[in-house]
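**Q** coords please:
(chains A and B)
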Amino acid sequence: MRILVVEDYTPLRHSLTRGLREAGYAVDAVADGEHGLAYIEAGAYDLIVLDIMLPVIDGLTLLRSLRAKRRPDRVLLLTAKDSVTDRVGGLDLGADDYLVKPFAFEELLARVRVLVRRGYDKSSPTIRIADLEIDTAARRVRRGSRDVELTAREYSILEFLAHRAGHVVTRDEIWESIYDFESEHGSNVVDVYVGYLRRKLELAGEPRLIRTRRGLGYVLDGEE
Amino acid sequence: MRSIRRAMLLGSAAGVLLILGAAGVIVDAGARRVLLQELDRSLEDKSRLLASTLALTTKGLEVDFAEYDMREFGREREPSHLLLWQSDGSLLFASKRADRRGLAPLAGTRDDPLERSLTLADGQRVRVVQLEFAPRLDIEEDEPEDASGTHLTPTPDIPRITLVLARDTSGIDATLVRLRGLLLVVGLATALAVLLVLRSEVRRGLRPLDLLAREIAALDAACLTGRIDLPDTPLEIVAVVARLNELMARLDGAFRRERTFSADIAHELRTPLSGLRTSLEVELSRPREAAGYRRTLEESLTIVARMQDMVQTLLLLCRLESGQLPVECREVDLAGMTREILGSLSGIARARGLKLRECLPISLPLRSDPALLETVVRNILANAIEHADENGYVRIEPTPEDEMPGLRVTNSGSRVAQDVVPALFERFVRGDAARGDTGLHCGLGLALIGRTAATLGLAVRVTTEAGGDFSITLSAPKTPAGPA
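**A** Coordinates of the predicted model:
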């Protein structure tokens, strides 16, 4: 899952980036609207966390520009303005949610999860594929009657695959969802993490869940 | 609760009743006086007529009432009384049932009739006329005379007779009672009618006050933009309405400023507070190395220091605006002070790659408050160093010779448009079209510069050219002395 943070207040931008990365998201962060727009046009983000008062191009202008181009990017507005008019104005411009500063980071994470889920037309926080159950709210994974312990990165890849269950996902797509622009592209990193996932999800005797499509990528489904 | 309407009605009612009561008393007294005068005149006429019947003859006093109507003295109910008293106090004549004792003449000699009211022993109320007179002398012509022609019968001395005539006044009393009753009824009816008219008029007269009260009651304390608008405002409350509307406008302005100020403070504190909270929450979300905690604590401390600066600046602004800050002026060297402050800020300028050009004279004497002047100069210099473009320059020079003494600080890379300049000295107004570096520049620096300079009586002028130079000129007042 990839998130863009556009926030000009450096301490907040750094903390958001750090916290979201630790929660398993790939995060890019910029300090003004102009760079924000350039990043959005260059990459595919599951969510944009956007401050309103920004240098060069303010958040609302950026949002208006996205919607004018009919881009469906999900946007969570962050602002110090808390009046009803401000909130309604932001939502009317096409923001998907609105969070007033200062906020609890846990609340921001919860809203991020909801908005990411909404992007895949999932209303329930739980994804079920065969006997695999992924609780995206609690970030817990169970297979049959056992709990599966995953690292943040492993979980991110699994959730990414689960949102596209039954469809082939390329290695590049997986890589982009878990790494930001600052990360160096390793050719077999995705394969390594998928291998870890398989070892934890598919114990001896259990049906396979993640299949390899040679030359294409991976697909997660419950079919034998 | 005191009611103007009730007070006016009660006051008017008391006034009307007092006037009508006084009028009734006057009318009653007048009517009584007229009736008694009529009666007195009638009694006097009758007295004189009866007195004329008394004659003094050679045989003595003779009275003959045969030719007169004397029935009033003989009737059973409310009889009149006639008494003729001789000067020695003996009674010459008394009508039937006359109260001799009660109707005894008053002492003293009088030629004019004397009137008075009396209540007799039997309770009868009468009006009495007392007339003192000399009886007519009635001597026959054929009385024997002597040779000289003098009557042989001596002429008797003419005595003084007092006639007392009393007539019952119960008719007048009854008339007066009827008159009083009539006056009372008319008075009460008049009072009632006047009160009804007054009530209606008072209500009509006070209607603008009712409307005013309703308009005031309808004003919303949370929204002071409403104004009192009375149709056909009476002259008496035009000033009240005007003053109230002025007061509302002042309150509205004050509340609006306060709301904006509070919102601005809240807004400006929210972002650093958010940074602080998120930073601490993320840090505490999992166990970390000691160095990580230390870094987060240092970042938090930096944020807190910025917030503290902002709060202190706001407090200083509040104290300046409320006139709570004492100003103590003395001779200050502006050039020396500027160099000292510049030295303390040079590290920041170096870090930003700025060229500092200071070309002030050795000394620039100015009469001002040193502490407040330092606040102004420090903020002007800090503003220039923070807003100059990377690797740009900051120039500090004296004001031109044709201007008042002072200094001009110019920085390169202005992002402030000329049309923003008038609002630059307001709180939380930033020169940039879109804000940069939230938490570093919250739009208080120029407000503080402007307000402090005004307190010191110094002039501040800004010139800007977007993409070019941004200059702040601080100069001495045109009058030689600063504020006391």
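
**Q** For the chain, give me the ranges with low pLDDT.
**A** Going with chain A. Chain A contains residues with pLDDT under 70 at A:180-187, A:223-224.

**Q** that's the other chain; I wanted chain B
**A** For chain B, the stretches flagged by pLDDT under 70 are B:109-110, B:139-147, B:149-156, B:221-223, B:257, B:427-443, B:478-484.

**Q** Tell me where it has helices.
**A** Taking DSSP state H to define them, one finds helices in chain B at B:4-51, B:170-218, B:235-284, B:290-321, B:334-351, B:370-387, B:445-456.

**Q** Same check on chain A?
**A** Using DSSP H, helices in chain A cover A:10-22, A:33-42, A:59-68, A:84-92, A:105-119, A:152-163, A:171-178, A:189-201.

**Q** Relative to residue A:79, how far out is residue A:21?
**A** 23 Å (C-beta to C-beta, to the nearest Å). All C-beta atoms are positioned from the backbone trio N, CA, C, and that covers glycine.

**Q** So which of those two has more stuff around it?
**A** With neighbours defined as other C-beta atoms under 10 Å in any protein chain shown, residue A:21 and residue A:79 compare such that residue A:79 has more, 23 against 16.

**Q** pretty sure the more buried one contacts residue A:97?
**A** No. Residue A:79 is not in contact with residue A:97 according to C-beta atoms under 8 Å; the separation is 11.5 Å.

**Q** hmm, back to that, to residue B:385, which of the helices of chain A lies closest?
**A** Of all those, helix A:10-22 sits nearest to residue B:385, with 18.4 Å by C-beta to C-beta.

**Q** Contact residues of chain A facing chain B?
**A** Residues of chain A found near chain B (C-beta under 8 Å from any C-beta of the partner chain) are A:8-12, A:14-16, A:18-19, A:22, A:32-33, A:53-58, A:78, A:80-83, A:100-106, A:108.

**Q** switch the cut-off to 7 Å
**A** Within chain A, the positions adjacent to chain B are A:8-9, A:11-12, A:15-16, A:18-19, A:22, A:53-58, A:80-81, A:101-105 by C-beta under 7 Å from any C-beta of the partner chain.

**Q** how much space between residue B:301 and residue A:11?
**A** 11 Å.

**Q** what does residue B:73 give?
**A** 129 Å.

**Q** Neighbour count for those two, which is higher?
**A** It is residue A:11, of residue B:73 and residue A:11, that has more neighbours when counted by other C-beta under 10 Å, with 23 against 19.

**Q** Report whether the expected contact of that one with residue B:303 is present.
**A** Yes. With contacts counted by C-beta atoms under 7 Å, residue A:11 reaches residue B:303, the gap being 5.6 Å.

**Q** Find residues that contact each of those two.
**A** By C-beta atoms under 7 Å, 6 or more residues apart in numbering or on different chains, residue A:11 and residue B:303 have these common neighbours: residue B:275.

**Q** Just give me the neighbour total for the residue lying closest to residue B:357 once chain neighbours are set aside.
**A** The shortest distance from residue B:357 to any non-neighbouring residue, by C-beta to C-beta, 6 or more residues apart in numbering or on different chains, is to residue B:395 (4.5 Å). Neighbourhood size, residue B:395 [other C-beta under 10 Å]: 18.

**Q** ok, now how distant is residue B:395 from residue B:374?
**A** From residue B:395 across to residue B:374, the span is 20 Å (C-beta to C-beta).

**Q** what do you get for residue B:456?
**A** Counting by C-beta to C-beta, the gap from residue B:456 to residue B:374 is 11 Å.
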